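[1] fold the following, please.
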Amino acid sequence: MTSLLRETVWNHTILRKTVPSSLLGPRMPSTATRLAPIRQRPGSVERLHALTDRSLSFLVRQAHRAFVATLADRLMLHGVSVAEWAVLRRLWQQEGFTQVDLADRMRVRKASLTSVLARLERKGFVRRTRRGEDLRKYHLFLTRRGRELKEELLPIGVAINRKAVAGIDSADAGLVAHVLEKVIANLEGQ
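    A predicted model of the protein is given here:
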């Protein structure tokens, strides 16, 4: 702190202690006082929590990390990664996608699937097959073992989701899902 600034702060402190407040004029309100009306106004949550541990983006990321960590721990026993789980889950719903189609449906980049699909193929869970007129495109299908994994792994995801909403009213959990769907749509420009 510079000597001029130090002297100014000291003078202000002495002045506040020795001169009646009616002669000094109004004091600058504290941060808590300034934020009190913001907390009460609708739409003020964004300003209040924009860069804090209560921001929506921070909380969503923390929730995602907790889901992924829990899922990774449970899948490790089956020799499947979280990325592999995501691909298998989508293929359990529908097979025959090209890598581009699968990436679009999973909302990931095509390149990020390349190594995951190669690992799934090496493990014997997925096979790539050329179909149709365009022989450059491979379509993705589950092997028998890949289909059998559904019975082992899908209950893990169900159990983790149940654990995540334990003690939360089902209407509140439904509202959170609805709000998050809207957030995703807003951010993806839909």
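
[2] residue boundaries of the strands in the protein?
    Assigned by DSSP state E, the strands in the chain fall at 126-130, 138-142.

[3] looking at those strands, which is closest to Phe97?
    Evaluated over the strands of the chain, closeness to Phe97 peaks at strand 138-142, with 5.4 Å, by C-beta to C-beta. Heads up, the C-betas are built off the backbone N, CA and C, glycines and all.

[4] that closest one: how far from the chain's middle?
    29 Å (C-alpha atoms, centre = their mean, to the nearest Å).

[5] kindly report the same for stretch 97-117.
    Worked out by C-alpha atoms, centre = their mean, stretch 97-117 lies 19 Å from the chain centre.

[6] in this protein, which residue is most central in space?
    Nearest to the mean C-alpha position of the chain, by C-alpha atoms, centre = their mean, lies Arg61 at 3.6 Å.

[7] from Asp53, how far off is that residue?
    Using C-beta to C-beta, to the nearest Å, one obtains 11 Å as the distance from Arg61 to Asp53.

[8] same question, Val176
    For Val176, the distance to Asp53 (C-beta to C-beta) stands at 18 Å.

[9] pick out whichever of these two has more residues nearby.
    Between Val176 and Asp53, Val176 has the larger neighbour count (other C-beta atoms under 10 Å), namely 13 against 8.

[10] neighbours around Ala83, how many?
    19.

[11] scratch that, Arg131
    Neighbour number of Arg131 under other C-beta under 10 Å is 12.

[12] out of everything not next to it in sequence, what's closest to it?
    Among residues not flanking Arg131 along the chain, His139 sits closest, at 4.9 Å (C-beta to C-beta, 6 or more residues apart in numbering).

[13] with Ser112 instead?
    Ala103 (7.5 Å).

[14] having no further points to raise, I will conclude here.
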